[in-house]
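Q: Structural data only, the sequence is not supplied:
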């Protein structure tokens, strides 16, 4: 899979790409690739402007639709033979990162992991020109709060989606017991020491009876979900 990032701050991804161990390993193993495009490179003026003041007045600056459109036209799949580096036509998804989008969930990570090319538009400033929404396939939010840019949400999507790509996580069993699979939170986990300040590891986990351990974990997952995220069960 290839992630194509359109951003006003390419440098913010340096540490993410080089030091995030699983991401760096996934790139090295050619399971994923991440291509970053500076939105300012698609500006129309010598000042490399990508935003302007809003019609009707108001605070902040708005990302221009024509600049975003130009960037996408250089990445968007072409029905004829695409240029080198462009996403292939049949397997591409353009995602706008915005607080107004659909809230990102584990099911979305699994769904998007099947796409070959994902173009992420990470905005900044006050917001987007409304007409930009016509240029994308879907809008995604990572939660009900506002950030200074879409770059952190872009990293979150890349991380969550990459985990669902075969080969990215070496131990497949890890994916089967993660939180939010089957609409349940993950069961409690323990390691050494056995006794920490009077709190001991449940004896069932030391029994060696895998069926009983599995049943206990399922019960604990359900109980934890009821206590913490009843909405998932509903």
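A: Noted; the coordinates are in hand. Every value quoted in this text rests on a predicted model; they were computed, and no experiment measured them.
Q: how far does stretch 7-15 stretch from start to finish?
A: Stretch 7-15 has an end-to-end distance of 15 Å (C-alpha to C-alpha, to the nearest Å).
Q: Give me the residues contacting that stretch.
A: For stretch 7-15, contacts defined as C-beta atoms under 8 Å, 6 or more residues apart in numbering pick out 5, 34, 36-40, 50, 122-124, 149-151, 154-155. Just so you know, the C-beta spots here come from the backbone N, C-alpha and C atoms, and that holds for glycine as well.
Q: Pick out the residue nearest the middle of this protein.
A: Nearest to the mean C-alpha position of the chain, by C-alpha atoms, centre = their mean, lies residue 157 at 0.4 Å.
Q: Where does that one fall, secondary structure wise?
A: Assigned by DSSP states H and E, residue 157 falls within helix 151-162.
Q: Run the chain-centre distance for that helix.
A: For helix 151-162, the distance from its own C-alpha centre to the chain's C-alpha centre is 3 Å (C-alpha atoms, centre = their mean, to the nearest Å).
Q: Which positions within it qualify as buried?
A: By neighbour count on 16 or more other C-beta atoms under 10 Å, the buried set for helix 151-162 is 151, 153-158, 160-162.
Q: other SSEs contacting it?
A: Under the contact criterion of 3 or more C-beta pairs under 8 Å, 6 or more residues apart in numbering; DSSP states H and E, helix 151-162 touches strand 2-7, helix 21-28, strand 92-103, helix 106-112, strand 117-122, strand 138-141.
Q: nearest to residue 167, of these?
A: Residue 167 lies closest to helix 21-28 among the helices and strands packed on helix 151-162, at 8.3 Å (C-beta to C-beta).
Q: Other residues contacting that closest one?
A: Contacts of helix 21-28 (C-beta under 8 Å, 6+ apart): 16-18, 32-34, 158-159, 162-163, 165, 168-169.
Q: What's the ChimeraX line that selects buried ones from the residues you listed?
A: To isolate the buried members of the contacts of helix 21-28 in ChimeraX, using 16+ other C-beta under 10 Å:
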select :16,32,34,158,162,163,165,168,169
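Q: pLDDT check: weakest of the contacts of helix 21-28?
A: Within the contacts of helix 21-28, the minimum per-residue pLDDT falls on residue 18 (77).
Q: list the contacts for that residue?
A: Contacts of residue 18 by C-beta under 8 Å, 6+ apart are residue 24.
Q: ok, back up a step: can you check what angle separates the helix holding residue 157 from strand 2-7?
A: 170 degrees (axes from the mean of the first three to the mean of the last three C-alpha atoms, to 10 degrees).
Q: For the residue of the chain most remote from its centre, report the pLDDT, please.
A: If you look at how far each residue of the chain sits from its centre, by C-alpha atoms, centre = their mean, the farthest one is residue 198, at 39.5 Å. In this model, residue 198 is scored at 97, pLDDT.
Q: so the closest residue to residue 98 other than its chain neighbours bridges to which residues?
A: Of all residues beyond its chain neighbours, the one nearest residue 98 is residue 139 (5.2 Å), with distances taken as C-beta to C-beta, 6 or more residues apart in numbering. Listed by DSSP bridges, the beta-bridge partners for residue 139 are residue 96.
Q: That's all I had, so thanks and see you.
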